Every structure is written in structure tokens, then in C-alpha cells.
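**Q** Following is a predicted model, sequence given first.
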Amino acid sequence: MPDAQRYTFHPLLTQDELQQGVVSVPDLLDRARSLLDAFDGPIDAIAGYWDFPVTMMVPVLCRERGLPSASLQSVVTCEHKYWSRLVQRDVIDEIPGFALLDLSDERAELPHGVEYPVWIKPIKSASSEGAHHVEDDEQLTAAIALERDQVGRMGGPFNDVLDMLDLPPEIARIGTDVCLVEEAATGAQVTVEGYADDGEVEIYGVVDSITYPGTSSFLRYEYPSTRVPPHIQNYMADVSRRVITAIGLDHSTFNIEYFWDAEAETLTLLEINARHSQSHALLFEMVDGIPNHAFMVDLALGRDPRALSRRQGAFATAGKWLLRTFSGGVVDRVPSAEEIAEEGD
């Protein structure tokens, strides 16, 4: 972090507390309040970059203490997959066909107006949890059976957050025991990162997300993007500004995932996250000289992030690889510390 010596960071809750199993948002908020009340120093900012429930706890805690943050409703609008699509549809054309799928209907079938292949996703999920790629009716039936078991892990706690808001009727009546069905997009996957502050939407980077061939699993991230030409990056930035403004997200970082199909010359918005990507932090540090965490910290402290430098890092480009195996195996042993040190030399 720039000028890191100026800050003292205090962890509020642990990652295990926040993201393991089925969480209770009211209990987590009460625990966080108790820790904040017991703290014997000044509290200048509350920030977080993990997904649910962190993105939605930060606005609640900041509002209670008069600290800068996005509104809870704008964050929920970004991350409620159906609500977000409704807002997007009002201001842009770059979205896939989508509809709701009621899991309580025993005869659930692909909704009218949506064509295979599709993705089925819970109304609220993270890290692609509960997302299923479906190509025909047989796969749809299997996916629905899985969704009925999976949707509650985040759906129940997400309901607690929805109860804190005055929801539009079309959102209030659907609950969280439904899934979003949307047509699968094709092309190069890229992520636009930016922030909104005092009504202004700034884009500070575009990252390539490259998958293992024939899968949707990420192989690596590359920054800055080279898969998408500059004029298309400008196009994505314009689309991003329109949807973030329409949602009303402010005083927050965000990242938006897109597919750019160069052959068909079509752009498709995949999803909006009301946070920056911690997975990209080191890439930004290597190329820009600062991790993207710096934008979050400035916004949380009520400062203008536009003074932060760009392209001041040690490298012109950076990548992050995710090593995976797609078959089962047994680990016989792991390398010793001495062996690791020897390899490093």
C-alpha cells in the first residue's frame, strides 16, 4: 500500500467466521458491533473486499457510524442476480436472454424465450457456487435437483439482508428459492475494474481472464488486457459507467465481468460485483505500482482516489496462474522445506 506506515489495519472478523457454512448475518453484525464498541482507539474507516456477506455488512456498519460507504440497496442491487439484470436491461443492450426458474415447481422447465445452452445460478452466490451449465432438458432436470440442495446456503442469509430494505414489488415477491436462467455467452472473458465516487464512475483497469481449454475454470489472469482492443475497452468502460450509475453505486470499488466475441462483434455483461477483486491485487501492484486495495482504502477514508498513480510499477504486464488438476489423485508426500528452498535457489 502507498504510505502504508500511515495506517493501522485491524481485522474485525475472520474469513472462517464470515464464509464457512451457513452464516447468520444478524449474528455477524452483532458480533462486529460489539468488537467495534469495545475498540479503544479511533475508527476512521470500515472496509472489506470479500464477497457475501462482507459486501453487505460494510454498508450497514458504516451507516451506523457515519463513515463513507456505498448504500446497502445499491450493493444488493448489484449482487442480486435478477434485480441487477432488470436494471441493466433498462439502460444497456449488452445482456443475455434471462428469466427466473421457480425451484418449487416440480415440473420446472426452461422458461419461454430462453434458449440452450444456458447457465442456471442462484439469485445470490459467490465464486460460481451453485452455477450449472446446461445444454438440454436432461441436464436441466439434473441441475434443478442440485440447485434445490444448494440454493439455501446463501439464499437464507441473503433473505436477512433483503429484510433490511424496502424492496420493489417484483423483487419482494420472488424470495430467494428461485434461480436465474440466462443464455451462455461466448468469447474472450475480461474484467473491468473501477470505482464510483460522488457520482463519478472511473475505470482503472481491464484484466484478461483466460480459461483452461474446454472448461469455465480460470487458467490465468493477465493485466493489462491484450485480448480486447483499446476501442472495445473504451466501449466496455462506457457500458460500465451506465450500469453503475443506473444502480446508484457510489463510494465503492467494483468489478464487472464481460465476454467479448470478436467474431460476432458482440459484448455481453456477465455480472457486477460491488467490490474490487483481491485476485488482481498483485497484478495492479506490479504494473501500476499500487494494488487495487488502495482505491478501496481511499474511498473508505473519504478521499479522492484519482491522485493514485498508474503504470508506475516495475513491469509492463503481469500474470497470475491458477494450477489445477481435472482428475482425481492421491498425495503420497509433500516436499520438505529443504527441498523447496533448494528449488528456489
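**A** That came in fine, so what should we check first? Residues are numbered from 1 along each chain as shown.

**Q** ok, how many other residues are close to F254?
**A** By the criterion of other CB atoms under 10 Å, F254 has 26 neighbours. All C-beta spots, glycine's among them, are computed from the backbone N, C-alpha and C.

**Q** who does the helix or strand encompassing it pair up with?
**A** Assigned by DSSP states H and E, F254 falls within strand 252-261. If you go by DSSP bridges, strand 252-261 pairs up with strand 188-197 (antiparallel), strand 266-273 (antiparallel).

**Q** Would you format those strands as a markdown table with distance to D149 and mean neighbour count included?
**A** Converted to a markdown table, these look like this (distance: least, CB to CB, whole Å; neighbours: other CB atoms under 10 Å):
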| stretch | distance to D149 | mean neighbour count |
| --- | --- | --- |
| strand 188-197 | 28 | 23 |
| strand 266-273 | 23 | 20 |
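
**Q** can you tell which of those is closest to N159?
**A** strand 266-273 (20.1 Å; CB to CB).

**Q** May I have that closest one as PDB, with CA atoms only?
**A** What follows is strand 266-273, C-alpha atoms only, in PDB (Å, rounded to 0.1, in the frame of the first residue of the first chain):
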ATOM      1  CA  THR A 266     -20.900  -8.700 -29.500                       C
ATOM      2  CA  LEU A 267     -20.300  -7.700 -25.900                       C
ATOM      3  CA  THR A 268     -22.100  -9.400 -23.100                       C
ATOM      4  CA  LEU A 269     -22.200  -8.300 -19.500                       C
ATOM      5  CA  LEU A 270     -21.800 -11.300 -17.200                       C
ATOM      6  CA  GLU A 271     -22.100 -10.000 -13.700                       C
ATOM      7  CA  ILE A 272     -21.400  -7.000 -11.400                       C
ATOM      8  CA  ASN A 273     -19.600  -7.200  -8.100                       C
END
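
**Q** how far out from the middle of the chain is it?
**A** Relative to its chain's centre, strand 266-273 lies at 12 Å (CA atoms, centre = their mean, to the nearest Å).

**Q** quick one: the helices in the chain?
**A** 15-19, 25-38, 54-65, 72-79, 81-91, 137-150, 152-162, 169-172, 230-247, 281-288, 293-300, 337-344 (DSSP state H).

**Q** what's the closest of those to I46?
**A** Per CB to CB, nearest to I46 of these: helix 54-65, 5.1 Å.

**Q** So which elements touch the closest one?
**A** In terms of contacts (3 or more CB pairs under 8 Å, 6 or more residues apart in numbering; DSSP states H and E), helix 54-65 is packed against helix 25-38, helix 72-79.

**Q** how big is the angle separating it from helix 152-162?
**A** 20 degrees (axes from the mean of the first three to the mean of the last three CA atoms, to 10 degrees).

**Q** List the buried residues of helix 54-65.
**A** Residues of helix 54-65 classed as buried: V54, T55, M56, M57, V58, P59, V60, L61, C62 (neighbour count, 16 or more other CB atoms under 10 Å).

**Q** right, and the third one touches L72 too?
**A** Yes: at 6.3 Å, M56 counts as touching L72 under the criterion of CB atoms under 8 Å.

**Q** who touches both of those two?
**A** Common contacts of M56 and L72 (CB atoms under 8 Å, 6 or more residues apart in numbering): V161.

**Q** Check the helices and strands packed on helix 54-65 for me and report the most buried one.
**A** helix 72-79 (a mean of 23; mean count of other CB atoms under 10 Å).

**Q** Least confident secondary structure element in the protein?
**A** helix 152-162 (a mean of 82; mean pLDDT, DSSP states H and E).

**Q** distance between the strand holding F254 and the chain's centre?
**A** Distance of strand 252-261 from the chain centroid (CA atoms, centre = their mean) equals 9 Å.

**Q** So T253 sits against D298, correct?
**A** No: T253 lies out of contact with D298 (CB under 8 Å); the separation is 9.7 Å.

**Q** max-length strand in the protein?
**A** strand 200-211 (DSSP state E).
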